[in-house]
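*Asks:* this one's sequence-less:
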């Protein structure tokens, strides 16, 4: 056919090892399809995208009067740019059954404008931080540019679109800017043509990730020098702004921990005499441990503190303190069951201090000594299990004030001797 004959004539003296020109401008665009994997444990990101490249090869141009307006070449037949990812941990080309023709061919127009697209999966490292997990935000960087050729041989530029011809453009420039009527978006401007925008990344067909939301893609075109030769290599720096979808962690981990911790505070409203007080405190602690054990598979295995780990530890500490409080309250409640009023506890302590004071001894003298001996006797008999509780009451064992109160009914004369000198005998003010 005419197309086959044209291909043979163009490739007859073609050398694919030589660049099309002294400086070849390669327009690059990454059509992002999806994040196939975002590994927080290995800190790797794998993306699936179409790598689109445009360049001009004058050696593949032919007469516009020829009926053939488009030719397909194999990448092994013609020169192709050596654009690659600098930080790649793995890069494998993938070709499905529906895209074999596209991925295995270089399309060129009669003006020598060539276009190559290949589906490719690229894995690159991403330094992640988990201080705010599960509300963390990750910034993953990848650089794409020429691997072997510096800027003096190959320049990597963004893809222009929505281009129109300038006032000083020639007919050839207008044809290149508009695509010369061909339904291909990969024709770019020449001469005085201008474009509304330039882009490196296309997210029109992006498929959202189930765990991370792609908030934005930051693009920066720059160049760096490697080695001691001073050669400058242009590249495109892409930064993927990823926000973790924290809803599943909120209702699966944070809300259960919050509800159980709030519920554990209701133990403070429970009467110490009921056994459910301590039971409720222990149950809430066990539920918290069960929630954390269940959610352990959802939390990344890292060696630093995260927001969710701090919250979990705080819930455990609070519930442990509530259990200790419940145990102490129950112990004090049952230990002081025979004490009638709480204010008499500090009153009894004050009375014992008065017993030991020298002023009190001078006022009462021998009467006070006899009263203390009777009080000790009552306490001693109570502890030995004698019937002194029938005389002085069980409360006297723990409270000397109650002991004196019960002894009043049996020894009014001694109590009268305890009154300070000059006080009324009938107890009136």
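*Replies:* Cool, got the structure. Computed from a predicted model, the values in this text were never measured in an experiment.

*Asks:* ok, residues contacting the helix or strand containing residue 255?
*Replies:* Assessed by DSSP states H and E, residue 255 sits inside helix 255-264. Residues outside helix 255-264 that contact it (C-beta atoms under 8 Å, 6 or more residues apart in numbering): 280-281, 284-285, 287-288, 291-292, 311-312, 315, 318-319, 322. The C-beta positions use only the backbone N, C-alpha and C, and glycine is treated the same way.

*Asks:* one more time with 7 Å, if that's ok
*Replies:* 281, 284, 287, 288, 291, 311, 312, 315, 318, 319, 322 (C-beta atoms under 7 Å, 6 or more residues apart in numbering).

*Asks:* Most neighbours of all these, which one?
*Replies:* For the contacts of helix 255-264, the largest number of neighbours (other C-beta atoms under 10 Å) sits with residue 319, at 26 neighbours.

*Asks:* Just the pLDDT for the residue lying closest to it once chain neighbours are set aside.
*Replies:* Closest residue to residue 319 apart from its sequence neighbours, by C-beta to C-beta, 6 or more residues apart in numbering: residue 285 at 4.5 Å. With respect to pLDDT, residue 285 has a value of 90.

*Asks:* Next SSE downstream of the host helix or strand of residue 285?
*Replies:* Using DSSP H and E, residue 285 sits within helix 276-295. Toward the C-terminal end, the helix or strand that comes next after helix 276-295 (DSSP H and E) is helix 307-335.

*Asks:* That following helix vs helix 276-295, what angle?
*Replies:* Counting by axes from the mean of the first three to the mean of the last three C-alpha atoms, to 10 degrees, helix 307-335 lies at 160 degrees to helix 276-295.

*Asks:* Please name every helix or strand in contact with helix 307-335.
*Replies:* Using 3 or more C-beta pairs under 7 Å, 6 or more residues apart in numbering; DSSP states H and E, the elements in contact with helix 307-335 are helix 255-264, helix 276-295.

*Asks:* Which one, of those helices, ends up nearest to residue 224?
*Replies:* For these, the distance to residue 224 is smallest for helix 276-295, at 43.3 Å, taking C-beta to C-beta.

*Asks:* Run through the neighbouring helices and strands of that closest one.
*Replies:* helix 255-264, helix 307-335.

*Asks:* Where does residue 130 sit: helix, strand or coil?
*Replies:* coil (DSSP: H, G, I helix; E, B strand; the rest coil).

*Asks:* how near is residue 234 to residue 225?
*Replies:* 11 Å (C-beta to C-beta, to the nearest Å).

*Asks:* now residue 62
*Replies:* 39 Å.

*Asks:* quick one, which of those two is more surrounded?
*Replies:* A count of neighbours by other C-beta under 10 Å puts residue 62 above the other of residue 62 and residue 225, at 18 against 12.

*Asks:* Nearest residue to the more buried one in space, ignoring adjacent ones along the chain?
*Replies:* residue 110 is the one closest to residue 62 (C-beta to C-beta, 6+ apart), at 5.2 Å.
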